[in-house]
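Peer 1: 3D, please:
(2 chains)
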Amino acid sequence: MSTAILIFFVLLILLVLIGTPVSFSIIVSTTIYLFASGQDPSIAAEQLLNAIFSNYLLLAVPLFIMSANIMNVSNITDKLLQFCLSVVGRFRGGLGHVNVVLSLIFSGMSGSAIADVAGIGKIIIPMMTANNKYTRGYAAAITAASATIGPIIPPSIPIVLYALVSNASIGYLFLAGIIPGIFMGILLMIANAYLAKKKEFPIESPVPLREIPKRTIHAFPSLLLPFILLYGIYGGVMTPTEAAAVAALYALLIAKFFYRSLSLKGFYQAMNDSARSSASAGLIVGSALIMNYIIVTENIPSAISSLLENVSEYPILFLLSLNLLVLLLGCVLDATVIILVIVPLFLPTIALLGIDPVYFGVIIVVNCMIGLITPPYGVIILVIQAVMKIPINEIIREIWPFLFTLILSLIVMIIYPDLVLWLPRVFGYEG
Amino acid sequence: MKKIISLIEVAVSAIVSIMLLIIFSIFCINVISRYIFSTSFGWTIEFSLILWLWVIFLSASFTLKDSDHVSLNSFVNIFPEKIKAIFKAISLLILCISAIFMIEPVWDYIDFLLIRPSDILGIPMKYIFIVYMIFLASLIIKSGFSIFEILIRLKNKKIT
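Peer 2: Here you go, the predicted model:
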């Protein structure tokens, strides 16, 4: 390691600590690094521009964000909520279950946890807290916890990013996420049932059985979307990036013609929000990729790989300690940065140890999503706090049991790789 | 001055929204035309990538607010307002100076790309990447302006 790289890391950490946007911090530190190591400072711009311009896969990011925003401004989410309410709302802690099931379905449509929580949270948190049925901390905590499932079940922006750095098949990665996502949902529902009994949450008056067919029909077009996407990708009709556009088109069509709930103003708002959030995502992805350039030039991955050579007898031990590291980093770093910058450091070692890249990808994405709800830098918690004005300490107080449940599901996935790899293997994955 | 800035913001956010809409439409047309007419257009991919690059940097230049960016606030938040303002000023100053420092080498690089056409559409890469210069310029102006604002507020003891 050179002195230049030391300067790079110190400057980067300082800039991020004083609140500079992460993307700008990376661009500035890279420029200084290039200057200090006697290279042309314009390489930073070159890397950034070319990274964005040459990665067709990245176009999935704005499209997935757009489809989630369209669903949020039209009342598709509301129709799904009515459906979930009629199915799982009748048990104790019913709205908690509704929350989890809604996230499971919604995550089959949108690619981002932030969009999930902003869309679902705005509807279900006021419902849960009405008449003081649930404390607002609990409502926020279970919304946050269930939103982590979003990017595990396809479509998923973090999985697209992992595919970008690892060259693992995006199709198989998407398939591999389905069972772990459902598994996490089931564990969260068990946790909710237990807490509901302990805290004596009320039972909702059940929706009459004769209402169910009507509500199902109403929700049916939205329930169909995940299947259309999966068929499209695995049937060879479209690429994952095109699937993102089709998801947005489908959401637009049913919002306009089936639910008749999308105004021109709402649509413009959705486009506007999507442009802003995808620009901020694109900027951070691009800058994370310049950081990768430095890491590769400085040969850091092979240094780490040779450092870790003697762990090769215990792949599981390596995997557990790496996950612990990512979990800790997730408390302070953004998931995008972890997937694009930290994960590539370990990819050579993963290959050396014979760990399957698809399995590893799903584990890491699950791990990063848990990072989104860990204090102090849990982006999802911050979003709920910003959107719903619920004090952060009330959310954090209630989040621990759910955090524990999600970590438990991560450990189970690490120990039983078949949970992740069974479905891709059924579809012909040889790993 | 404030009025002009907000006018530019509204105009640019309309432009980037339309660009995003075009990307979306191109993709839809591509899927449909391939499925129904079994033809596809190669240039559409490059065109979408150009628009996507412009959406990112135009937004970063004009419409992205501090809260839109991914940044770490939990460390800064433990300090009183005055220290926070000083941190902010330092961070902006570093951004401003390094952006000024970047202008010349980056311009050399982008200007040089005049001779390199893009793969499919044949547009000189200079005109595709020039949006980065807009981004650098806005970074310099915006951060310079904000530093000035913070200093005045500090001097007038509006931040305690």
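Peer 1: And for the closest residue to B:Ile94 other than its chain neighbours, the neighbour number?
Peer 2: Residue nearest to B:Ile94 in three dimensions, not counting chain neighbours: A:Val28, with 6.3 Å by CB to CB, 6 or more residues apart in numbering or on different chains. C-betas here are computed from N, CA, C, even on glycine. A:Val28 is flanked by 25 other residues according to other CB atoms under 10 Å in any protein chain shown.
Peer 1: Over to A:Val101?
Peer 2: By other CB under 10 Å, 22 other residues sit near A:Val101.
Peer 1: Which residue, neighbours along the chain excluded, lies closest to it?
Peer 2: Nearest non-adjacent residue to A:Val101, counting by CB to CB, 6+ apart: A:Cys84, 4.7 Å away.
Peer 1: just wondering, since we're on the one you found, how far is it from chain B?
Peer 2: Look at A:Cys84 and chain B: by CB to the nearest CB, to the nearest Å, they are 29 Å apart.
Peer 1: so what's that residue up against?
Peer 2: Counting by CB atoms under 8 Å, 6 or more residues apart in numbering or on different chains, A:Cys84 touches A:97-98, A:101-102, A:105.
Peer 1: Could you give me the ChimeraX syntax to select whichever of those are buried?
Peer 2: Listed next is the ChimeraX selection for buried residues among the contacts of A:Cys84, using 16 or more other CB atoms under 10 Å in any protein chain shown:
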select /A:97,98,101,102,105
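Peer 1: In TSV: the contacts of A:Cys84, plus pLDDT.
Peer 2: Output for the contacts of A:Cys84, formatted as TSV (pLDDT from 0 to 100):
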residue	pLDDT
A:His97	89
A:Val98	88
A:Val101	88
A:Leu102	87
A:Ile105	83
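Peer 1: Tell me which entries of the contacts of A:Cys84 lie within helices.
Peer 2: Of the positions in the contacts of A:Cys84, A:97-98, A:101-102, A:105 sit in helices, assigned by DSSP state H.
Peer 1: now stretch B:91-106: mean pLDDT?
Peer 2: Here stretch B:91-106 scores 95 as its mean pLDDT.
Peer 1: distance between it and the chain's centre?
Peer 2: Averaged C-alpha coordinates place stretch B:91-106 at 15 Å from its chain's average position (CA atoms, centre = their mean, to the nearest Å).
Peer 1: ok, residues contacting it?
Peer 2: With contacts defined as CB under 8 Å, 6+ apart, stretch B:91-106 is touched by A:15, A:18-20, A:24, A:28, A:31-32, A:40-42, A:44-45, B:132-133, B:136-137, B:139-140, B:143-144, B:146-147, B:150.
Peer 1: Can you say which helix or strand has residue 32 in it?
Peer 2: Since no chain was named, I'll use chain A. helix A:22-36 (DSSP states H and E).
Peer 1: oops, chain B please
Peer 2: For B:Ile32, the element it lies in under DSSP H and E is helix B:2-37.
Peer 1: elements contacting that helix?
Peer 2: helix A:60-73, helix A:240-253, helix A:264-297, helix B:43-58 (3 or more CB pairs under 8 Å, 6 or more residues apart in numbering or on different chains; DSSP states H and E).
Peer 1: just the ones you listed: most buried one?
Peer 2: helix A:60-73 (a mean of 28; mean count of other CB atoms under 10 Å in any protein chain shown).
Peer 1: tell me the contacts of residue 43?
Peer 2: Using chain A here. Applying CB under 8 Å, 6+ apart to A:Ile43 gives the contacts A:34, A:293.
Peer 1: oops, chain B please
Peer 2: B:120-121.
Peer 1: So A:Leu308 is in contact with A:Phe318, correct?
Peer 2: Yes - judged on CB atoms under 8 Å, A:Leu308 makes contact with A:Phe318 at a distance of 6.8 Å.
Peer 1: Return every residue with contacts to both of these two.
Peer 2: Shared contacts of A:Leu308 and A:Phe318 (CB under 8 Å, 6+ apart): A:Thr349.
Peer 1: In terms of helix, strand or coil, where does the one residue sitting closest to the centre of chain A fall?
Peer 2: Central residue of chain A (CA atoms, centre = their mean): A:Pro151, 3.5 Å from the mean position. Using DSSP: H, G, I helix; E, B strand; the rest coil, the structure places A:Pro151 in coil.
Peer 1: for the record, mean pLDDT for the helix holding A:Ile32?
Peer 2: For helix A:22-36, the mean pLDDT works out to 92.
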